[in-house]
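Visitor: okay, structure incoming, though there's no sequence with it:
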C-alpha cells in the first residue's frame, strides 16, 4: 500500500521539543522545579498527536510528509508514519512526559535544572526525528544528534571525572557507530539510487539484488550494534549510569539504546531473512543476552543491575529480530513494549530510592515498603512484568517469544535455551530489585527514607500500571500496537490475536514454568552466584571497558608520537620538509603527466648580457663560499646589482633603479647588524648534510627552471598588458605605463604595499625599543620566563 | 630569449634554498635575500622578455609606436621588491634581537615556542 501524504503538523511535532529546549531554562528560572508541569505539556501534546495515528495505522495505512531541506542533494526532512514509527513515537513522547515530571522532582533545587530540561528536550526531538525520518541522510543526522545530546546528558555532572569519561565513551562508541552507519546509508543510496526509506521498502529486494548486500549489511549492523550496546560494544551503557537517573530512565530504557533495535526492525524487510542475517544477529544477540544478565547478577548497585539487564534485553531483542521468524518477531515487538514500560519505571524507582534513602546499593537497603508505599507498589508491578509473570505484558511477551523460538526450525533449540537462561536470570534481578530494598528488616540509610513527592512517583506508577493495563486488554493491545508494528517488520499487513491467559498447555507455557522455577532457585542462591561470577571476572581481568581506556591512551600516544616526529621543534627539520615537498610539488607533476618542457635552443645573447649573467653567478658562488662576513655582504651586493642590471637590459628601468636602491640599503643594514652580531657566516654542516641539503636545493632550482621553461614555451596571453598599454594615456593621462598601473589602475594595491612597509617599519622600531629587564636575562632559556617577559613587554 | 634567464633563476633558487637550509641564522638571512631576487625575476620572466624598450609612451602619441616590454609584471615586481625589502629588514632586526635574547644564532637551539622535552598531552578524561 502506498503511503498517503499528510500535512506538515507531524514535522512540527518532531521539531517541537527543540522549541521547548529554548523555553525550558526561562520557565525554570520563573517557576523553579515546578516548571516541569508546564513543560510536560509539550511531550504530552506530541503523544496525543501520534495517538491520532493509532486507528488508521492499525488498519494498515501509512503516511508520509516532507519538507525540502537540501533538495539538490535529495536531502529532505521527511517523516514516514507506520506501525513501527508510531509505536516508538508514542513511547518516546509518552515516557518523555513522565521523565520531564520526574526530572522536576529529582533535580529539585539543582542550579542547572533549566539546562538539564533543555538537554532532555533536545534529546527527545533528536530521538523523535530518528524514529520518524524517512530520508536516510536526515535519519543519520538525528541519529548523531542523539549521540551528541546523550553526551551532554551523561556528562551533565561534569565536575566528576567518571562522568566525563562515561560521556566521552558513549560519544565515541555511538557516534563512531553512527559514522559507520552513514557509510552504509551512502552505499544504499549509491546501490539503489533511492534515498527515502518508504520508497526502498516498497521494493524489498532492491538491496539484496544490488550485489552490495554484504557491505551494506555489515555497515548498518555497525551502527545498530554500537547504539544498542551489543557485545562487544556493551560497555558504554553501564558506564552511562553516571548520568542523573532521569537520563538513565529515559535514554537507557526506552529510547536511545532502542535506536539500534529500531533500525534493525526498520530495515528488516530490506536486509532481513537471509542466511547472514539469521546467523549473525542471533549469535551476537544471544551472547549479549547472556553476558548482560550474568554481569547484572554480579552488581549490587540498583542502577547498574538495571543497566546490565538493559544490555541483556537489547540482546534478546536483537536475537529475536535475527530469527526473521514471524512469531519470534511478534515476541520481539511485545518485549520491546514491555521492556520500555517496566525498565523506565524501575529506573525511576531506583532513582527515587537513591534520592530519598541516600544510597542505591541493595546490600545497604531494606524494609522500605512502609516508608515508601507508593514507590513500593510501582516497583512490584514493574518487577513482576520484568520477571515475566502474569498478568503483566512481560508475561505475554515471554509466552509469544518462546512460541516463536520454539517454532523456529533452523536454530530453535539453542536460541530457546539461551532465552530461558537469560529470562530466568532476568527474573533473579527483578526479584532482587523489588525485594531487597523493600522487604526484610529496616536498615539504617544515609538519609531518613520517606515517600517522594508526586513528581517522583507519578512516572513509575503510571508506567507500571500501563504494563498491567495493556496486558489486561491484551487483544486490543495486539490489534492497536503489536499488529501494526509487526506489519512494518514483515513488510506486509498482519493482524494478530493476543490472549493474556494461555488457552492450552503447550511448549511456551512449560518453558515459562521452567524459567520461573529456575529463576526462583537461582534467586535463593543469589549471594553465592554473585561471588562466583565476581571471582570468574577477576580471573579474566580484562574487558572491553579496559580495552576502551587502552584504545584511547593508545590514540593519544600515537598522535603525540606523530606530532613529535613532524613537529620536532627544530627549525631545520621544518625547512627540510617544506623545501623537500616544494621540490616534489614542482618536479613530480611535470614528470607524471609527461609535460616537461621541450629541450630549448639557447638564444643568441650579446656579449654584455653574458657578462652580467656571469657576474650574477659569481656573486652567488661568492656568497656560498664566503669565509668572512664582509665577503658575504659584498657578494650579496654583487648578485643584487646583477639582478638590477638584468632588469635594465630587458626594458625595466624603474625596476632597475628600485633594485639598486634596495640592494644598497640591504647591504648597509646587513653590515650594521652583522658587525654587531659578530658572527661567522661560515657554514658548519658536515659533508653528508651538505650533500642532502644540496640535493634538495638543486631539485627546487631545477624544478622551477623547468616550470618556467614550460610556461614560457606556451603561447602568451597579452590581453591584460594590451589593456594597460592602450588606456594608460587615454584615460589615466600617464605616459609611463608601469607607473600608471601602480598609482592609478592598481592604486589600492600600492596603498596595501605602503601599509606593509609602514607596518614592517613599526615592527622594527618595536623590536629595537623593547628591552627585557636585566634580572630576567640570566635564565633566558626558560620558556615561561621568556613568555612572561614578552607579555610584559606588550 | 627566456631560456638563459630561466636557468639563471633556477640557480638563484638553488643557492637561496641551500642557504636557507643552513642552521646558522645569518646564512638563512642571506638565503632569504637571494630568494626575494629569484622570485622577482621569476615573475618578470613569466611576462616574457623584450630587449631594451621600456613601456613608455612618446609625448605625441596615445599608444607606443613599437612593441615595448610587458608593463604588467614590472608593476607587480616593483611592489614585490619593496615588500621583500621591508620583510628582509624586519627579519634582520628580529634575528638580531633573537640573538641578543637567546644568546645563540643556531636555529635548532631556539626552542622558546616548542621547548625540548615538551609535556605529552594529558591522558585522563
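Guide: Ah, there it is. All of these numbers come straight from a predicted model, not from anything done at the bench.

Visitor: just the element for the residue at minimal distance from the centre of chain B, please.
Guide: Nearest residue to the geometric centre of chain B (Cα atoms, centre = their mean): residue B:36, 2.0 Å. Applying DSSP states H and E as the criterion places residue B:36 in helix B:25-46.

Visitor: same question for that helix, mean pLDDT?
Guide: Mean pLDDT, computed over helix B:25-46, is 91.

Visitor: got it, and stretch A:7-20?
Guide: Averaging pLDDT along stretch A:7-20 gives 93.

Visitor: do the same with stretch A:420-430
Guide: The average of the pLDDT scores along stretch A:420-430 is 92.

Visitor: what does stretch A:576-590 give?
Guide: For stretch A:576-590, the mean pLDDT works out to 92.

Visitor: list the contacts of that stretch.
Guide: For stretch A:576-590, contacts defined as Cβ atoms under 8 Å, 6 or more residues apart in numbering or on different chains pick out A:566, A:595-597, A:693, A:696-697, A:699-700, A:702-704, A:706-707, A:710, B:17, B:20-21. For the C-beta atoms, the positions are set from N, CA and C on the backbone; glycine is no exception.

Visitor: continuing past the strand or helix carrying residue A:337, what's the next helix or strand?
Guide: In this structure, residue A:337 sits in helix A:326-357 according to DSSP H and E. Using DSSP H and E, the helix or strand that follows helix A:326-357 in sequence is helix A:373-387.

Visitor: any idea how far the helix holding residue A:337 is from the chain center?
Guide: 27 Å (Cα atoms, centre = their mean, to the nearest Å).

Visitor: in chain A, what spans have low per-residue confidence?
Guide: A:1, A:409, A:677-684, A:772-794 (pLDDT under 70).

Visitor: now the closest residue to chain B within the stretch 1-150 of chain A: how far from residue A:160?
Guide: In the stretch 1-150 of chain A, the residue that lies nearest chain B is residue A:150 (16.3 Å; Cβ to the nearest Cβ). Residue A:150 is 17 Å from residue A:160, where distance means Cβ to Cβ, to the nearest Å.

Visitor: also residue A:642?
Guide: Distance, residue A:642 to residue A:160, by Cβ to Cβ: 71 Å.

Visitor: higher neighbour count, those two?
Guide: residue A:642 (25 against 12; other Cβ atoms under 10 Å in any protein chain shown).

Visitor: can I assume that one sits in a strand?
Guide: No - counting by DSSP: H, G, I helix; E, B strand; the rest coil, one finds residue A:642 to be helix, located in no strand.

Visitor: next, the buried residues of the next helix or strand along the chain from the helix holding residue B:36.
Guide: As assigned by DSSP H and E, the chain's next helix or strand after helix B:25-46 is helix B:71-102. If you call a residue buried by 16 or more other Cβ atoms under 10 Å in any protein chain shown, then helix B:71-102 has these buried ones: B:71-93, B:95-99, B:101-102.

Visitor: up against chain B, what does the stretch 51-200 of chain A have?
Guide: A:161, A:164, A:165, A:168 (Cβ under 8 Å from any Cβ of the partner chain).

Visitor: max pairwise distance over those residues: which two?
Guide: For these, the maximum inter-member distance is 10.4 Å, found between A:161 and A:168 (Cβ to Cβ).

Visitor: ok, the two, which is more surrounded?
Guide: residue A:168 (19 against 11).

Visitor: shouldn't the more buried one be in contact with residue A:556?
Guide: No - the criterion here is Cβ atoms under 8 Å, and residue A:168 misses it with residue A:556 at 11.9 Å.

Visitor: residue boundaries of the strands in chain A?
Guide: Applying DSSP state E to chain A gives strands spanning A:4-5, A:63-70, A:75-81.

Visitor: which helices and strands does the second one pack with?
Guide: Meaning strand A:63-70. Applying 3 or more Cβ pairs under 8 Å, 6 or more residues apart in numbering or on different chains; DSSP states H and E, one finds that strand A:63-70 contacts strand A:4-5, helix A:9-31, strand A:75-81.

Visitor: highest mean neighbour count out of those?
Guide: Scoring these by mean neighbour count under mean count of other Cβ atoms under 10 Å in any protein chain shown gives strand A:75-81 as the most buried, with a mean of 23.

Visitor: just the residues contacting that one, thanks.
Guide: With Cβ under 8 Å, 6+ apart as the test, strand A:75-81 has contacts from A:3, A:6, A:10-11, A:14, A:50, A:53, A:57, A:62-70, A:85, A:89, A:132-135, A:137-138, A:195-198.

Visitor: quick check: angle from that strand to strand A:63-70?
Guide: 170 degrees (axes from the mean of the first three to the mean of the last three Cα atoms, to 10 degrees).

Visitor: for chain B, give me its nearest residue in the stretch 451-600 of chain A.
Guide: For the stretch 451-600 of chain A, Cβ to the nearest Cβ, closest residue to chain B: residue A:569, 3.3 Å.

Visitor: spit out the contact partners of that residue.
Guide: With contact taken as Cβ under 8 Å, 6+ apart, residue A:569 is in contact with B:111, B:113, B:114, B:115, B:116, B:118.

Visitor: am I right that the fifth one sits in a strand?
Guide: No - the assignment for residue B:116, made by three-state DSSP, is coil rather than a strand.

Visitor: burial check on it, number of neighbours?
Guide: Neighbour count for residue B:116, taken as other Cβ under 10 Å: 11.

Visitor: next, give phi and psi for it.
Guide: Main-chain torsions, residue B:116, degrees, to the nearest 10: phi -70, psi 150.

Visitor: can you pull the pLDDT of it?
Guide: Predicted confidence (pLDDT) for residue B:116: 78.

Visitor: apart from its chain neighbours, what residue comes closest to it?
Guide: Spatially, and ignoring its direct neighbours in sequence, residue B:116 is nearest to residue A:569 (6.7 Å; Cβ to Cβ, 6 or more residues apart in numbering or on different chains).

Visitor: swap in the third one?
Guide: Setting aside the residues directly before and after it, residue B:114 is nearest to residue A:569 in space (Cβ to Cβ, 6+ apart), at 3.3 Å.

Visitor: also the last one?
Guide: Sequence neighbours aside, residue A:569 is the residue nearest to residue B:118 in space, at 7.0 Å (criterion: Cβ to Cβ, 6+ apart).

Visitor: excluding its backbone neighbours, what's nearest the residue nearest the centre of chain A?
Guide: Chain A has residue A:175 as the residue nearest its centroid, 2.9 Å off, counting by Cα atoms, centre = their mean. In this structure, residue A:175 finds its nearest non-sequential neighbour in residue A:147, 4.2 Å apart by Cβ to Cβ, 6+ apart.

Visitor: confirm for me that that neighbour is in contact with residue A:172.
Guide: No - between residue A:147 and residue A:172 there is no contact under Cβ under 8 Å: 9.3 Å.

Visitor: settle it for me: which of the two has more neighbours?
Guide: residue A:147 (23 against 18).

Visitor: from residue A:260, how far off is that one?
Guide: 12 Å.

Visitor: list residues touching both of these two?
Guide: The contact sets of residue A:147 and residue A:260 overlap at residue A:227 (Cβ under 8 Å, 6+ apart).

Visitor: and residue B:80, what does it touch?
Guide: Counting by Cβ under 8 Å, 6+ apart, residue B:80 makes contact with B:36, B:39, B:40, B:43.

Visitor: check the separation of the first and last residues in stretch B:42-53.
Guide: 19 Å (Cα to Cα, to the nearest Å).

Visitor: does it come close to chain A?
Guide: Yes - against chain A, stretch B:42-53 shows contacts by Cβ under 8 Å from any Cβ at B:42, B:44, B:45, B:46, B:47, B:48, B:49, B:50, B:51, B:52, B:53.

Visitor: selecting buried members of these in ChimeraX, what would you type?
Guide: In ChimeraX, a selection of the buried entries from those looks like this (16+ other Cβ under 10 Å):
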select /B:42,44,45,46,47,48,49,50
